[in-house]
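>>> I would like the atomic coordinates for the input below:
(one chain, ligands or ions: 2)
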Amino acid sequence: MAEIAPSILAADFANLQRDVEMINSSSAGYIHVDIMDGMFVPNISFGLPVCEAIHRHAQKPLDVHLMIEQPDRYLEAFRNAGASGLTVHYEACPHLHRTIQHIKELGAEPGVALNPHTPVEVLSEIMGDVSLILIMSVNPGFGGQKFIENTYRKIATLDGYRKKFGYNFKIEVDGGVNLNNAPRLVREGVDILVAGSFVFTSPDPVQTIAELGNS
Ligand SMILES: O=C(CO)[C@H](O)[C@H](O)COP(=O)(O)O
Ligand SMILES: [Fe+2]
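Ligands and ions are numbered 1, 2, ... in the order given. Next up, the predicted model:
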């Protein structure tokens, strides 16, 4: 069993309210909101006004994934735009401890994300301070990419740290998640599966979210 965070990046932006309401009516635990700045990643998604608009209709917490440089500049603004969780990239934060404290002061759940090439060991001194560790299973920037197989090993290593030291963070995986890889991801220790294109291109997204959740 896992919690599901459908990624709104794969929604129909011309029918955003309809797609948010679909997620509301499903068993999803969160709405995953991908913010891309065209600098940290080679793509621009959307920004604060769209996040606010999603929040106006959402009945699930917004899990905001900041793929932006110097995310400290925008933490408060995204919190005010409705973010329940704020996840920053390790690779974008030279003062990660300070950034995590800032997120906590804003009353949001602090998360940290790792690109596929970044080993989980770099987070060893911050694992006790975060609510969420997001393992990217594709290179961030685009939906609809192929799942990177090395992710299983990273999840297992991270789960090993959690068990050894009794940490409470949740493990989230993001990118290329589908019904083929979800069961093994959950076995390795994943708590939250992000799924964008697999959910939104399926004939029955509510049913697909339920099936992923049963993985
Ligand atoms: O952070 C992301 C991309 O950078 C998205 O959350 C992710 O790609 C989800 O989309 P899909 O399930 O289609 O891979
Ligand atoms: Fe994401």
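>>> now the nearest residue to residue 45 once chain neighbours are set aside, what's its secondary structure?
Closest residue to residue 45 apart from its sequence neighbours, by CB to CB, 6 or more residues apart in numbering: residue 36 at 4.2 Å. C-betas here are computed from N, CA, C, even on glycine. Of the three states, residue 36 takes strand according to DSSP: H, G, I helix; E, B strand; the rest coil.
>>> tell me the contacts of residue 36?
Contact partners of residue 36, counting by CB atoms under 8 Å, 6 or more residues apart in numbering, are 43-45, 67-68, 140-141.
>>> which one of those residues sits closest to residue 162?
Nearest to residue 162, judged by CB to CB, of these is residue 140 at 23.0 Å.
>>> these two touch, right, that closest one and residue 117?
No: counting by CB atoms under 8 Å, residue 140 stays clear of residue 117, with 11.4 Å between them.
>>> so what touches the helix ranked longest in the chain?
When the chain is parsed with DSSP state H, its longest helix is helix 151-165. Residues external to helix 151-165 that are found in contact with it (CB under 8 Å, 6+ apart): 114, 116, 119-121, 124, 127-128, 133, 135, 137, 167, 169, 171, 173, 184-185, 188-190.
>>> between residue 140 and residue 117, who's got more neighbours?
Taking other CB atoms under 10 Å, residue 140 and residue 117 do not tie; residue 140 has more neighbours (23 against 10).
>>> check what pLDDT the more buried one gets.
Residue 140 is assigned 98 on the pLDDT scale.
>>> using the three-state scheme, assign it.
Under three-state DSSP, residue 140 falls in the coil class.
>>> can you check the pLDDT for residue 128?
Residue 128 is assigned a predicted lDDT (pLDDT) of 98.
>>> buried subset of the contacts of residue 36 as a ChimeraX selection?
Restricted to buried positions by 16 or more other CB atoms under 10 Å, the ChimeraX selection for the contacts of residue 36 reads:
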select :45,67,68,140,141
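>>> centroid-wise, who is the farthest residue in this protein?
residue 164 (24.2 Å; CA atoms, centre = their mean).
>>> pull the contacting residues for the residue in the chain positioned nearest to ligand 1.
Using CB to the nearest ligand atom, residue 196 is the residue of the chain that sits closest to ligand 1, at 2.8 Å. Each residue near residue 196 by CB under 8 Å, 6+ apart is listed here: 6-10, 32, 143-144.
>>> can you tell me the closest non-neighbouring residue to residue 71?
Spatially, and ignoring its direct neighbours in sequence, residue 71 is nearest to residue 88 (4.5 Å; CB to CB, 6+ apart).
>>> could I get the full set of helices for this protein?
16-24, 48-57, 75-80, 96-105, 151-165, 182-188, 197-200, 205-213.
>>> looking at those, which is buried most?
With neighbours taken as mean count of other CB atoms under 10 Å, those reach their highest mean count in helix 197-200, at a mean of 22.
>>> and of the helices of the chain, who's closest to ligand 2?
helix 197-200 (11.9 Å; CB to the ion).
>>> got the end-to-end distance for stretch 161-173?
Terminal residues of stretch 161-173 lie 16 Å apart, using CA to CA, to the nearest Å.
>>> likewise stretch 27-40?
Distance between the two ends of stretch 27-40: 32 Å, counting by CA to CA.
>>> got it, and stretch 26-38?
Stretch 26-38: ends 31 Å apart by CA to CA.
>>> follow-up on the earlier one: widest-spaced pair of the contacts of residue 36?
Longest span within the contacts of residue 36, CB to CB: 44 and 140, 12.8 Å.
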